[in-house]
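>>> Just to be clear, the model below is a prediction. Sequence and coordinates:
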Amino acid sequence: MGARFHGRGVHARDADRPGRGGATVDGVAGFGEWWGTLAVVALVAVGVVSLMGTSGAAQRPAPVDPSPQMLAAIAPAEAALGDVERAFASLCSDPVLLAIELEPDCETGVITLADELFDGFGSATLGPEAQEDVLAAMRIYLGRLRELPAIWDSLEAIELRGHADPRAVRTPYATNMVGSQQRPLGVLLFLVGESGLSESDRGDFERLAVVSGVSFSRPPATCPQQSRECYAEWRRVEVRPVLSESLRRGDWSRTLEDIRKSARQIRDDLAESEG
């Protein structure tokens with residue numbers, strides 16, 4: 001199957017972060033349960049900093065370093081993020097998906113269906129050979145997701161997101177918004193149709209699938225220029241796993257790094273005050 005699309009080139013993938021919800025992962029508490037712990041630790045940290053900044057006090061209690069408790073509080077989130085990162089990394093190494101050049105992105109799990117897979121310019125229908133490859137890819141993709149509890153247990157949706165290029169005679173954004181929605185809808189209807197997925201796969205896909213279009217508002221990172229050479233990369237459909245809010249990797253990664261920096265700063269301030 002891969003020979004037909006050999007040399008297809010690098011797929012364009014953006015790095016949008018998915019999803020909202022409140023699921024847990026592999027027994028790790030979600031947002032609300034351990035965020036309360038972080039709030040308590042933060043209050044302790046504020047108290048320590050306030051004591052350090054008080055001048056003229058006759059007697060001041062010895063400051064207590066809260067950084068160990070802060071780092072311990074974020075350990076569950078770090079473990080959950082690590083599970084998700086390893087699960088996504090394993091998705092992109094499937095040999096069949098690599099052969100047909102429909103392997104997901106190793107960091108986000110996103111599969112990109114390139115413009116050339118569709119049956120002509122502006123068509124919302126996959127070409128005959130592309131139908132076979134996309135169907136095989138989605139069967140493998142769903143099967144692999146089920147084998148990865150870090151993702152499957154927190155999977156809120158599988159989004160089919162359509163993109164268009166900015167060209168249009170009138171009202172480019174509105175015109176291309178319609179076009180960007182038609183292609184992912186065409187892919188969805190093919191996958192859940194008579195020639196599509198098996199009954200079990202179809203049940204999961206119908207439960208999880210969401211269709212969206214973004215017109216031309218999110219150009220591909222690999223070719224963002226508004227030029228004839230790039231427009232084919234703009235026109236694409238992305239198959240995107242949408243995870244719960246507790247696993248929004250970009251947001252949590254920034255939060256964790258902020259807490260690490262705060263812990264290091266408090267530790268340094270305490271060492272300086274004792275010196």
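Good, I have the coordinates.
>>> Now stretch 141-154: buried residues?
For stretch 141-154, a neighbour-count test (16 or more other CB atoms under 10 Å) marks 141-142, 144-145, 148, 150-152, 154 as buried. (Glycine included, C-beta is placed from N, CA and C.)
>>> I'd say residue 139 and residue 202 touch.
No - look at residue 139 against residue 202 with CB atoms under 8 Å: they stay out of range, at 10.6 Å.
>>> Where does the prediction get shaky in the stretch 1-150 of the chain?
Along the stretch 1-150 of the chain, the parts satisfying pLDDT under 70 run over 1-67, 70, 73-74, 77.
>>> Now do the strands for it: every range, in order, please.
Counting by DSSP state E, counting those that start in this stretch, the stretch 1-150 of the chain has strands at residues 111-114.
>>> Repeat that for the stretch 151-275 of the chain.
Ranges of strands in the stretch 151-275 of the chain, per DSSP E, counting those that start in this stretch, are 155-163, 209-213, 236-243.
>>> by contact count, what packs against the longest one?
The one in question is strand 155-163. Secondary-structure packing of strand 155-163 (3 or more CB pairs under 8 Å, 6 or more residues apart in numbering; DSSP states H and E): helix 172-191, helix 199-208, strand 209-213, strand 236-243.
>>> who wins for proximity to residue 273 among those?
Residue 273 sits nearest to strand 236-243 of all the helices and strands packed on strand 155-163, at 42.2 Å, using CB to CB.
>>> Neighbouring strands of that closest one in the sheet, and parallel or not?
Applying DSSP bridges, strand 236-243 is found paired with strand 111-114 (antiparallel), strand 155-163 (antiparallel).
>>> Let me know the angle separating that strand from helix 172-191.
70 degrees (axes from the mean of the first three to the mean of the last three CA atoms, to 10 degrees).
>>> If I take strand 236-243 and helix 199-208, what angle do their directions form?
Comparing the axes of strand 236-243 and helix 199-208 via the same axes, to 10 degrees yields an angle of 80 degrees.
>>> And the pLDDT for residue 152?
Looking at residue 152, its pLDDT is 90.
>>> That one against residue 142, yeah?
No - in this structure, residue 152 is not within contact of residue 142 by CB under 8 Å, at 9.5 Å.
>>> domain ranges for this protein?
Using automatic domain parsing, the domain ranges for the chain come out as 28-52+65-91+247-275, 96-243.
>>> Buried deepest among those domains, which one?
Among the domains of the chain, domain 96-243 has the highest mean neighbour count (mean count of other CB atoms under 10 Å), at a mean of 18.
>>> Can you check the distance spanned by that one, start to finish?
End-to-end span of domain 96-243 (CA to CA, to the nearest Å): 25 Å.
>>> Please apply the same query to stretch 158-177.
20 Å.
>>> which residues touch the residue nearest to residue 164 when sequence neighbours are not counted?
Nearest residue to residue 164, sequence neighbours excluded (CB to CB, 6 or more residues apart in numbering): residue 176, at 3.8 Å. Contact analysis of residue 176 by CB atoms under 8 Å, 6 or more residues apart in numbering lists 164-168, 215-216.
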